[in-house]
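Enquirer: next come a sequence and a model predicted from it.
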Amino acid sequence: MSDLEARAAIADLVHGYARNIRGGKGADCASLFTSDGVFEIRDAPLGSSEAPTVRTRLEGQEAIRAYLTGGAASEVRVCPMIHNLMIQVDGGQASSDCVMEAITSNGLRMFGEYHDRYLYEDGWRFVSRIYTIFGQI
């Protein structure tokens, strides 16, 4: 697979994740991760020199599925919008950064940045997805 093909497939993965969240299909996102994948949400005020604070850390597809379908996730719909997706490919591994702005069904607007790592195993999968929330709009 060429780097261009890998970048296109990874972009589809990132946007497919956002489409699932937007459509209330959080359960479908778990299979986009490796079996031992990590999903982490952090807080770090924009421009702060302090280390981010970890809000949530999930390991494994089942923990990710439970988080994306239970609790607040089942009550509040999120419309994530992905910007400035930059992907670096290195053989069967890759990484990316992108900005995400989200509007929620309860009127909250937030923005932050994803730092993602990927592995190619019968298709590209998230190894880790770290979302750092910079603030609310």
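Expert: Everything's here; your move.
Enquirer: burial measure for the closest residue to L108 other than its chain neighbours, as a count.
Expert: Closest residue in space to L108, ignoring its immediate chain neighbours: Q136 at 6.5 Å, by Cβ to Cβ, 6 or more residues apart in numbering. Using the backbone N, CA and C atoms, a C-beta is placed for each residue, glycine as well. By the criterion of other Cβ atoms under 10 Å, Q136 has 9 neighbours.
Enquirer: now Q136: how far from C29?
Expert: Per Cβ to Cβ, to the nearest Å, Q136 is found 23 Å from C29.
Enquirer: any idea which helix or strand of the protein has the worst average confidence?
Expert: Every helix and strand of the chain was ranked by mean pLDDT, DSSP states H and E. The lowest is helix 72-75, at a mean of 65.
Enquirer: next secondary structure element downstream of that one?
Expert: Downstream of helix 72-75, the first helix or strand assigned by DSSP states H and E is strand 78-90.
Enquirer: and the longest helix belonging to the chain, what other elements does it pack with?
Expert: In the chain, assigned by DSSP state H, the helix with the most residues is helix 3-22. Other helices and strands packing on helix 3-22, by 3 or more Cβ pairs under 8 Å, 6 or more residues apart in numbering; DSSP states H and E, are strand 78-90, strand 93-104, strand 109-120, strand 124-136.
Enquirer: what lies in contact with that helix?
Expert: With Cβ atoms under 8 Å, 6 or more residues apart in numbering as the test, helix 3-22 has contacts from 1, 26, 28-29, 32, 68, 77-82, 85, 87, 89, 94, 96, 98, 100, 114, 116, 118, 120, 123-126, 129.
Enquirer: now it against strand 109-120, angle please.
Expert: Here helix 3-22 runs at an angle of 130 degrees relative to strand 109-120 (axes from the mean of the first three to the mean of the last three Cα atoms, to 10 degrees).
Enquirer: so for helix 3-22, what gets flagged as buried?
Expert: The neighbour-count check on helix 3-22 (16 or more other Cβ atoms under 10 Å) flags A6, R7, A9, I10, A11, L13, V14, Y17, A18, N20, I21 as buried.
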